[in-house]
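K.L.:
Turn this into a model:
(one chain, ligands or ions: 2)
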Amino acid sequence: MNVTIEGLSLSYGGVSAVQDLDLAIGDGESIVLLGQSGCGKTSTMRCVAGLETPSAGRIAIGDRAVFDGDSGKSVPSHKRNVGMVFQSYAVWPHKTVIENVAFPLRMKGQNRTLSRAKAFNVLELVGLAHLAHRGASQLSGGQMQRVALARSIAMEPSVLLLDEPLSNLDARLRDDLRVELRRIQLERGLTSLYVTHDQQEALALADRIAIMQSGRIQQLGTPQEIYRAPATASIATFLGVTNVFPVERGGDLGLRLEGHSVALRSSHPVPDGPISVAVRPEAVTVHDAERADELTSRANRLAGKVRVAVYQGSSVRYQVSIDGGPDLDVVSLDPVVLAPDTPVVVEVPEAAVSVLPDDTPAPATDAAAPAAGDTGAAA
Ligand SMILES: Nc1ncnc2c1ncn2[C@@H]1O[C@H](COP(=O)(O)OP(=O)(O)O)[C@@H](O)[C@H]1O
Ligand SMILES: [Mg+2]
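P.N.:
Ligands and ions are numbered 1, 2, ... in the order given. The predicted structure follows:
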C-alpha cells in the first residue's frame with residue numbers, strides 16, 4: 001500500500017530530529033532512508049509506525065490518515081498494520097521457529113491450522129522451512145533475523161518497516177541476506193521503508209534512495225541517479241566518492257583545486273556559491289608515464305607518481321600523488337600492477353568531473369557526528 005508523509009516534524013524535548021519531511025512511497029515500492037547515524041532515520045520510521053508522536057505533519061497509509069497534526073488524529077501503532085524488523089533479533093527463545101511466526105497470527109484470531117500453514121509458507125520464502133520445528137534459541141543471528149522477517153511478512157502488513165536489520169550480522173551473511181531480502185521484496189511486491197547508514201545496502205535494496213541529513217531529505221532518486229549524480233559535496237563524500245576537492249573559481253585554467261597548483265576542466269555546469277569537484281576513482285585511468293605520448297583522448301591529464309598499489313583481483317586500487325596536487329584514488333581494471341614510485345599520467349575525462357555545491361563545513365569538526373540517541377551498535 002502506498003504511504004504518504006507530509007510536513008513531518010518530530011522533536012525530543014527541544015531537540016529537533018525530523019524537520020518538515022515529505023516522502024511518498026508508492027505501492028510495492030522499496031524506499032531506503034540513507035544517512036549518517038543521528039540524522040533522523042529511525043525517528044522518521046518510528047513516526048510511521050506510530051511509536052512516536054510527531055510535533056506536526058500528516059501520515060497516510062493507503063487512503064487512511066494514521067496521523068494528522070492539525071486534527072490531532074493518531075491511530076495507535078497496533079492498528080496501523082505495519083510490520084517491523086529491527087537490528088536486534090526479536091524472537092521468542094522458548095518457542096519453535098514456526099511458533100514464532102504463527103503466534104502473532106493466532107493473536108489476531110486466525111485458527112491454528114491456517115496460521116501454521118501461512119507461517120510455513122513464509123518460512124519457505126525466507127529459506128527456513130527445514131528449521132521450522134527447531135527452538136528459536138538454537139539459531140544463528142542470521143537465522144533469527146530471518147525469523148523476525150518471516151513473522152513480519154506473515155502478518156501481511158500494508159508497509160514493512162526495517163531499521164538496520166542486517167547491522168548485527170557478519171559481512172558475508174549480510175551480503176547473502178541482502179540479496180535474499182531484495183528477492184522477497186520483489187516477489188511479494190512489499191511496500192517497504194528501510195533504514196540504513198550503509199550505502200551498499202541502500203544501493204542494493206532500494207527502488208529509490210532518500211538521503212537524509214539533519215532531519216531532512218536532501219536528495220531523492222534511484223540508486224543509479226544518486227550514485228552517478230550526488231547533489232552535494234557532502235553527499236558525494238558520504239557515498240564514498242573519495243576524490244572530492246574544494247575548488248577556487250576564476251582564472252583560465254578551469255577549476256583550480258584549493259591549495260594546489262593543478263586544475264581540472266569539467267563538461268558540467270558550475271553552480272553558484274562555494275563548489276567542490278568530485279571524481280569517481282573508477283572514472284580515472286592511470287598510465288605509465290613512459291607511454292603517455294600514446295594517449296589521444298581529450299581528458300584532463302595530470303602527472304604524478306604511484307604511492308600505493310593494492311591488487312584486488314578484478315581491479316587494482318591506486319593512490320596516486322599528483323605533482324603539485326592532492327593524492328588521487330584510482331580504481332583500474334587494467335591487470336598490470338604499476339609499482340610504487342612509478343611515474344604516471346592519470347586521465348580524468350571532463351564528463352567525470354562533477355561540480356557540486358560545497359556544503360561541507362570547514363574542516364574543523366564534523367557537526368553530524370554520531371549522536372547519543374543512535375540505536376547503532378549498542379542495540
Ligand atoms: N528518545 C530520544 N530522546 C532524545 N533524543 C533522541 C531520542 N531518539 C533520538 N534522539 C535524537 O534525535 C536525532 C535523530 O536520531 P535517530 O532518528 O535515532 O537517528 P538515526 O536513526 O538516523 O541514527 C539524534 O540527534 C538523536 O540523538
Ligand atoms: Mg537509527
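
K.L.:
Give the buried residues for stretch 334-349.
P.N.:
Neighbour-count burial for stretch 334-349 flags 338, 342, 344-349 (criterion: 16 or more other Cβ atoms under 10 Å). Just so you know, the C-beta spots here come from the backbone N, C-alpha and C atoms, and that holds for glycine as well.

K.L.:
Closest residue of the stretch 201-350 of the chain to ligand 2?
P.N.:
Of all residues in the stretch 201-350 of the chain, Met212 sits closest to ligand 2, at 10.3 Å by Cβ to the ion.

K.L.:
Let me know whether that residue touches Gln218 as I believe.
P.N.:
Yes. The criterion here is Cβ atoms under 8 Å, and Met212 meets it with Gln218 at 6.9 Å.

K.L.:
Of those two, give the one with the bigger neighbour count.
P.N.:
Ranked by neighbour count (other Cβ atoms under 10 Å), Met212 and Gln218 place Met212 first, with 25 against 18.

K.L.:
Give me the pLDDT value at the closest residue to the more buried one other than its chain neighbours.
P.N.:
Nearest residue to Met212 in three dimensions, chain neighbours excluded: Gly35, at 3.5 Å (Cβ to Cβ, 6 or more residues apart in numbering). On pLDDT, Gly35 comes in at 96.

K.L.:
about what we covered before: make a markdown table out of the buried residues of stretch 334-349 and add secondary structure and pLDDT.
P.N.:
Listed next are the buried residues of stretch 334-349 as a markdown table, based on DSSP: H, G, I helix; E, B strand; the rest coil; pLDDT from 0 to 100:
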| residue | secondary structure | pLDDT |
| --- | --- | --- |
| Leu338 | coil | 95 |
| Thr342 | coil | 97 |
| Val344 | strand | 97 |
| Val345 | strand | 96 |
| Val346 | strand | 96 |
| Glu347 | strand | 96 |
| Val348 | strand | 96 |
| Pro349 | coil | 95 |
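
K.L.:
Just the CA atoms of the helix or strand bottoming out on mean pLDDT in the chain, as PDB, please.
P.N.:
Counting by mean pLDDT, DSSP states H and E, the chain has its least confident helix or strand at helix 171-188, which shows a mean of 85. Extracted C-alpha coordinates of helix 171-188, given in PDB (Å, rounded to 0.1, in the frame of the first residue of the first chain):
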ATOM      1  CA  ALA A 171      29.800  -9.300   6.500                       C
ATOM      2  CA  ARG A 172      29.200 -12.500   4.500                       C
ATOM      3  CA  LEU A 173      25.800 -13.200   5.900                       C
ATOM      4  CA  ARG A 174      24.800  -9.600   5.400                       C
ATOM      5  CA  ASP A 175      25.600  -9.900   1.700                       C
ATOM      6  CA  ASP A 176      23.600 -13.100   1.400                       C
ATOM      7  CA  LEU A 177      20.600 -11.800   3.300                       C
ATOM      8  CA  ARG A 178      20.700  -8.500   1.400                       C
ATOM      9  CA  VAL A 179      20.200 -10.400  -1.900                       C
ATOM     10  CA  GLU A 180      17.500 -12.500  -0.400                       C
ATOM     11  CA  LEU A 181      15.700  -9.500   1.000                       C
ATOM     12  CA  ARG A 182      15.600  -7.900  -2.400                       C
ATOM     13  CA  ARG A 183      14.200 -11.100  -3.900                       C
ATOM     14  CA  ILE A 184      11.500 -11.300  -1.300                       C
ATOM     15  CA  GLN A 185      10.600  -7.700  -1.700                       C
ATOM     16  CA  LEU A 186      10.200  -8.100  -5.500                       C
ATOM     17  CA  GLU A 187       8.500 -11.400  -5.300                       C
ATOM     18  CA  ARG A 188       5.900 -10.200  -2.700                       C
END
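
K.L.:
What about Gly189, how many residues nearby?
P.N.:
10.

K.L.:
what does Ala231 give?
P.N.:
Ala231, neighbours per other Cβ under 10 Å, totals 18.
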